[in-house]
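build the 3D model from these lines:
(chains A and B)
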Amino acid sequence: MSQPVLSVRDLVVEFSAREGVLTAVNGVSFDVHAGEVLGLVGESGSGKSVTGLAVLGLIDAPGRIASGAILLNGEDLTKKSEAELRRLRGRNIAMIFQDPMTTLNPVLRVDTQMIEAIRAHEKVSERAARDRARDALAKVGIPSPEERLVSYPHQFSGGMRQRVAIAIALLHRPAVLVADEPTTALDVTIQAQILSEVQQLAAESGTALVWITHDLSVVAGLADRVAVMYAGRIVEEGHVADVLERPAHPYTNGLIGSVPSRNKRGEPLAQIPGMTPSLASLPPGCAFAPRCPRADAVCKNPPGVTHAGDARAFRCFHPLIPVEAAA
Amino acid sequence: MLVYVIRRLGQAALVLAVMATLVFIAVYAVGDPVAILASPQADQQELEAITQRLGLDRPLYEQYGLFVWNALHGDLGRSFVYNEPALTLILNRLPATLELALTALVIAVFIGIPLGLYAGLKPQSLGGHSIMAGSILGFSLPNFWQGLMLVLLFSVMLGWFPAGGRGTTRELLGVPVSFLTLDGLSHLILPALNLALYKMALVIRLTRAGTREVMLQDYIRFARAKGLSQSRVIGVHVLKNILIPVVTVLGLELGSMIAFAVVTETVFAYPGIGKLLIDSIGRLDRPVIVAYLMLTVVMFVIINLIVDLIYAAIDPRVRLEEAKA
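Below is the predicted model:
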């Protein structure tokens, strides 16, 4: 396979808090290739959003990237200065956020926010930038883009705002787009439209997508590969169909079981007992052990990564798939 | 929009009428200005002559009726003390105070906003803490004492600026202003600074609170994710959002700075309307007091109207609500 566009290696992100240093992301590694979609799945607090922010170098104090490398086309972003990062952000690597109601500045017109994004990276005239902004809006399916350019964000619906945000993120055809739950706050119908549009636009421009979500059904329809995060670690990784059909990690299995449509009518919905552990009081060894039906004494030790064939990996002593497959 | 303005003006007229009536009666009740105006040696006949000349011998309802009738014809009466129309007296002094208040406003904004931004962006730094500590002093130290200390430091000890009075003025569009001459400017700086200190503290705190809140918003993160420079993020995205509360508060404060610059004008013997008001109250000069307060009401209404307009200009969501109304 060719060299990945984005390669995250043993990323550790720490936050200093009153309780001490909290490790929000603990040794996360993943690769994304051009045109590929990686689904990053996990519950709230699993560190998936922090991972996304870290990739753009947007971790603010009291947080910091403690160790690891983030390679964008082979260049390590963690070693770059703020000015160098600024030049890469938006141009080579872009991000869209969860709540479209709050990602656009309420007091600036849409054209201002789009033109500044273009002119932050390219020396073009106001006029040319404006034309490009209009075309970008048309491309994400916004009707009468010329008129919409002079609108303010509050004059758009949630779905339209997210389209504007996506248009802005894709203005420079970035190599990587990190999407942090961009459809979670939207209606299901709008969600489906946005998903298919992003997929299409990313494929057109060869943009690699890192799609952060807690929704397995989104991942099932969109992603090529999936990485499941729990308490700051990737606990399972592999091709989407493979992982969803034959989950190795009990946590992944629990997540799949929790999707309502998989449950039988009339029976109580399946759920994973307990809650995501607080980062301040992670159990030693496997962080999922206290909630895990298969846990035993071995799980008091930190599980290593087991590789099981075709890009499949997991961190578990008691996987649900036969270990013989691991070769 | 027009309906909105008319409604506002209607409310203002009502406030004006009620206020004028209350002040008119209150000043009448406080005491007899004749006793203050006449020389101590004056005999009964002279006192009566003065009373009659000022129209104070008539019953209150007649005096009030006459006042209302004249006011409706644009005549707010003549000062008992200066024997000049009260309005002329005030308007002659108004430019000095306007100049003082506007200079103070400019100082408060152009020093307060940058300091507040800095304190908001670096709340844990030494500079941030120092600015906040300084702003508490600006709030809590009495205005007159700050004025006295300014005089002591800059006039008496350093000798940089004069201690009081208004400097040479020059006509600008028919209005005498002092900021165009060096002498006038040096007379203006200390009183303006004195008047600005409290507002500056207010602006610092508002700006800092706003900055800290806005910096956590998603749209700031998104702006940074677009690759915008720090100066663009702060100068446009942050600043435009925090200006909304700052403009609101400053509008209200500008009115009070103009109307009640009394303390500063007294400390610096600055010939503005504040000093005129204090003198007039001391002499029970009813026409001047009533006219002054009526003018103050008008001024507040105008300033609030302007603030609303600025507000609509910087916050697009306001425009929409007006359109619906």
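
for the stretch 201-325 of chain B, what lies in contact range of chain A?
By C-beta under 8 Å from any C-beta of the partner chain, the residues of the stretch 201-325 of chain B that approach chain A are B:217-219, B:221-230, B:232, B:236-237, B:240-241, B:244, B:314-317, B:320. For every residue, glycine as well, the C-beta is placed using N, CA and C.

could you tell me which residues of the stretch 151-300 of chain A lie near chain B?
So the stretch 151-300 of chain A meets chain B at A:152, A:154-155, A:165, A:168-169 (C-beta under 8 Å from any C-beta).

count the residues that sit near A:E197.
16 (other C-beta atoms under 10 Å in any protein chain shown).

just the buried ones from the residues of the stretch 201-325 of chain B next to chain A, in PyMOL syntax?
Here is the PyMOL command that selects the buried residues among those (16 or more other C-beta atoms under 10 Å in any protein chain shown):
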select buried, chain B and resi 217+218+219+221+222+223+224+225+226+227+228+232+236+237+240+241+244+315+316
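
one step back: out of the residues of the stretch 151-300 of chain A next to chain B, flag the one nearest to A:S44.
Distance to A:S44, by C-beta to C-beta, is smallest for A:A165 among these, at 21.4 Å.

just the ones of the residues of the stretch 201-325 of chain B next to chain A in helices?
With helices defined by DSSP state H, the entries of these inside them are B:218-219, B:221-225, B:230, B:232, B:240-241, B:244, B:314, B:316-317, B:320.

and of these, the nearest to B:A96?
Comparing these against B:A96 with C-beta to C-beta places B:I314 closest, at 30.7 Å.

distance of that closest one from B:I90?
33 Å (C-beta to C-beta, to the nearest Å).

next one: A:V110
49 Å.

okay, the two: which has more neighbours?
For A:V110 versus B:I90, neighbours defined as other C-beta under 10 Å are more numerous around A:V110 (26 against 22).

checking A:M101 next. Helix, strand or coil?
helix (DSSP: H, G, I helix; E, B strand; the rest coil).

for chain B, which segments count as strands?
Assigned by DSSP state E, chain B shows strands spanning B:170-172, B:175-177.

redo the residues of the stretch 151-300 of chain A next to chain B as a markdown table? Include pLDDT, neighbour count and secondary structure.
Converted to a markdown table, these look like this (pLDDT from 0 to 100; neighbours: other C-beta atoms under 10 Å in any protein chain shown; DSSP: H, G, I helix; E, B strand; the rest coil):
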| residue | pLDDT | neighbour count | secondary structure |
| --- | --- | --- | --- |
| A:Y152 | 88 | 20 | coil |
| A:H154 | 87 | 13 | helix |
| A:Q155 | 88 | 15 | helix |
| A:A165 | 90 | 28 | helix |
| A:I168 | 90 | 28 | helix |
| A:A169 | 89 | 29 | helix |
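
ok, the residues you listed vs chain B, which is closest?
Nearest to chain B out of these is A:Y152 (C-beta to the nearest C-beta; 4.1 Å).

can you give me the buried ones in the longest helix anywhere in chain B?
The longest helix of chain B (DSSP H) is helix B:86-121. Residues of helix B:86-121 classed as buried: B:86-87, B:89-90, B:93-101, B:103-105, B:107-109, B:111-113, B:115-121 (neighbour count, 16+ other C-beta under 10 Å).

pretty sure A:G304 is touching A:R315, no?
Yes. The criterion here is C-beta atoms under 8 Å, and A:G304 meets it with A:R315 at 6.8 Å.

of those two, who's got more company?
A:R315 (24 against 8).

just the helices in chain A please.
Counting by DSSP H, the helices of chain A are A:48-55, A:82-88, A:100-103, A:110-119, A:126-139, A:145-149, A:158-169, A:188-205, A:216-222, A:240-245, A:250-257.

now do the last one: distance to the chain's middle.
Per C-alpha atoms, centre = their mean, to the nearest Å, the displacement of helix A:250-257 from the mean C-alpha position of its chain is 19 Å.

who are the packing partners of it?
Identification of packing neighbours for helix A:250-257 by 3 or more C-beta pairs under 8 Å, 6 or more residues apart in numbering or on different chains; DSSP states H and E yields strand A:225-230, strand A:233-239.

where does residue 144 land on pLDDT?
With no chain named, the answer covers chain A. pLDDT for A:S144: 89.

hm, I was asking about chain B
pLDDT, read off for B:F144, is 81.

A:A308 against A:L320, yeah?
No. Taking C-beta under 8 Å as the definition, A:A308 is not a contact partner of A:L320, at 11.4 Å.

who touches both of these two?
Common contact partners of A:A308 and A:L320 (C-beta atoms under 8 Å, 6 or more residues apart in numbering or on different chains): A:A248.

who has more neighbours, those two?
Looking at A:A308 and A:L320 with other C-beta under 10 Å, you find the greater number of neighbours at A:A308, namely 21 against 14.

circling back: helices or strands up against the longest helix of chain B?
Checking 3+ C-beta pairs under 8 Å, 6+ apart, helix B:86-121 ends up next to helix B:126-140, strand B:175-177, helix B:182-215, helix B:239-259, helix B:262-267, helix B:273-282, helix B:286-314.

so what touches the fourth one?
Judged by C-beta under 8 Å, 6+ apart, the contacts made with helix B:239-259 from elsewhere in the structure are A:105-108, B:97-98, B:101-102, B:104-105, B:108-109, B:113, B:117, B:195, B:199, B:202-203, B:206-207, B:210-211, B:214, B:217, B:273-274, B:296, B:299-300, B:303-304, B:306-307, B:310-311, B:314-315.

go again using 7 Å as the cut-off
For helix B:239-259, the surrounding residues in contact (C-beta atoms under 7 Å, 6 or more residues apart in numbering or on different chains) are A:107-108, B:97-98, B:101, B:104-105, B:195, B:199, B:202-203, B:206-207, B:210-211, B:214, B:296, B:299-300, B:303-304, B:306-307, B:310-311, B:314-315.

grab the nearest non-local neighbour of the residue of chain B found nearest chain A.
Relative to chain A, the nearest point of chain B is B:G227 (3.2 Å; C-beta to the nearest C-beta). Distance criterion C-beta to C-beta, 6 or more residues apart in numbering or on different chains; nearest residue to B:G227, sequence neighbours excluded, is A:G90 at 3.2 Å.
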